[in-house]
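> Just to be clear, the model below is a prediction. Sequence and coordinates:
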Amino acid sequence: MPILLEKSQIDERLSQLEGWARQGQAAIEKSYVFADFKAAMRFVNQVAEAAEKVDHHPDILINYNKVKLTLSTHSEGGLTHKDFDLARDVDFI
């Protein structure tokens, strides 16, 4: 079972990610812009595959060529290593 991260741990891990930001106390998020809808959907499908591999699923908002990912460990009510690990993996897609 993942353990909630302390504020200092969250700040440290956020500093290692580009473009990710806190969303309230319990989530991190990042927005992406693509050339068109098809490119956005290809990205979302790749995110889905990465999420399935680690059994940790982001909230995904799609608005034509824009995609916003929000990560939180809902079962723990906040941020854990799982959120930052998936954010890092998504950044390499």
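Happy to help now that I have it.
> can you map out the helices along the protein?
7-15, 37-54, 81-91 (DSSP state H).
> Of those helices, flag the one that's most buried.
helix 81-91 (a mean of 18; mean count of other CB atoms under 10 Å). The C-beta positions use only the backbone N, C-alpha and C, and glycine is treated the same way.
> in the sheet, who's paired with V33?
Per DSSP bridges, the residues bridged to V33 are K66.
> For the helices of the chain, give me a markdown table that also has mean pLDDT and distance to N65.
Shown next, in a markdown table, are those (pLDDT from 0 to 100; distance: least, CB to CB, whole Å):
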| stretch | mean pLDDT | distance to N65 |
| --- | --- | --- |
| helix 7-15 | 96 | 26 |
| helix 37-54 | 97 | 5 |
| helix 81-91 | 96 | 17 |
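> could I get those as CSV with distance to T73?
Formatted as CSV, the helices of the chain follow (distance: least, CB to CB, whole Å):
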stretch, distance to T73
helix 7-15, 12
helix 37-54, 12
helix 81-91, 5
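> Thanks a lot, see you next time.
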